[in-house]
Structures are given as C-alpha cells and as structure tokens.
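Engineer: Pasting the sequence and the predicted model now:
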Amino acid sequence: MANDQGRVPPNMREFAEQGLEQARTAFETMALSAQRAVSAWEGQAASARAGAQDVARKAMGIAGDNMTASLEFARQVAAARNPDEVMRLHAAFVKAQMETLAAQCRDLGTAAVRMTATPARD
C-alpha cells in the first residue's frame, strides 16, 4: 500500500474522465444552443428592421401624397371665382382625402401586420 500513495485509483480516474467528458458535451451543447439563439435573434431583428423600413417608406410616401393633394387644393381655391366654387372644391377635397386616408390606413395596417407576423428564421 505504501506504493499506492499518491496514485489515483483507476475507478476514480475513470469517474473523473467521464465527468470531464460530460462537462465538455454539456458545454458544446450550450454553446451550440447559444449560437442558434443568436442567429434566430439576428434573423428576427433583420426582419423587424426591414419591416420598419417598409412602414417608414410607406408613411413618407403617404405624407408626400397628402402634401401634393393639399397644395393642389390650395391652388384650386386660389383660382376659384366665388365662394360657391370654394365650397364645392372643399367638399370634393374632403371626400377625396377621406377615401385616400382609408386606403392609406389599410396599406399601413397591412405593412405593420406583415412586419409583426414575419416568422422567425432559424
């Protein structure tokens, strides 16, 4: 027994090696899971970013369209010959803008839903 002092018994060495192997496997599994989670998050972030850019482009287009329509209305009012014509122009403008607003809201709503409903990519 004097010769066995300082030596690790074979069954203890095997137990330690198994523990190290299990720890290595667990670490590799955790690292792979973390990589997958980061990749999924990056994909979702890219989708959200693209969707937000689409919504922003649509909103800017809508603002431009509304500004153009308002300027055209102002031009028509400035050229009106009497108050009756101004009232007719105003009624037509408001009707057209309400229809346009409804369509613009549908477009923005569709873009927002598409942005939030984009499935995550693995």
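Structural biologist: Perfect, thanks for sending it.
Engineer: Only C-alpha atoms from now on, for both contacts and neighbour counts.
Structural biologist: Noted.
Engineer: What are the boundaries of the helices in this structure?
Structural biologist: Here the chain has its helices, by DSSP state H, at 10-79, 83-117.
Engineer: and these as TSV, adding mean neighbour count?
Structural biologist: Formatted as TSV, the helices of the chain follow (neighbours: other Cα atoms under 10 Å):
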stretch	mean neighbour count
helix 10-79	13
helix 83-117	14
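Engineer: export the ones you listed to TSV and tack on mean pLDDT?
Structural biologist: Below are the helices of the chain laid out as TSV (pLDDT from 0 to 100):
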stretch	mean pLDDT
helix 10-79	85
helix 83-117	91
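Engineer: Tell me who's in contact with His90.
Structural biologist: Counting by Cα atoms under 8 Å, 6 or more residues apart in numbering, His90 makes contact with Phe73.
Engineer: what's the spacing between Thr100 and Gly109?
Structural biologist: 14 Å (Cα to Cα, to the nearest Å).
Engineer: Let's check: the centremost residue of this structure is which one?
Structural biologist: Centroid-nearest residue in the chain, with Cα atoms, centre = their mean: Ala48, separated by 1.4 Å.
Engineer: How much space separates the residue nearest to that residue when sequence neighbours are not counted from Ser33?
Structural biologist: Spatial nearest neighbour of Ala48, chain neighbours left out: Met115 (6.1 Å); criterion: Cα to Cα, 6 or more residues apart in numbering. Plainly put, Met115 is 26 Å away from Ser33 if you go by Cα to Cα.
Engineer: How about Glu72?
Structural biologist: On the measure of Cα to Cα, Glu72 and Ser33 end up 58 Å apart.
Engineer: Repeat that for Gln18.
Structural biologist: Counting by Cα to Cα, the gap from Gln18 to Ser33 is 22 Å.
Engineer: now do Glu99
Structural biologist: 50 Å.
Engineer: Tell me which residues touch the nearest residue to Arg114 once chain neighbours are set aside, please.
Structural biologist: Using Cα to Cα, 6+ apart and skipping the chain neighbours, the partner closest in space to Arg114 is Gly51 (7.4 Å). Gly51 is in contact with 111-112, 114-116, counting by Cα under 8 Å, 6+ apart.
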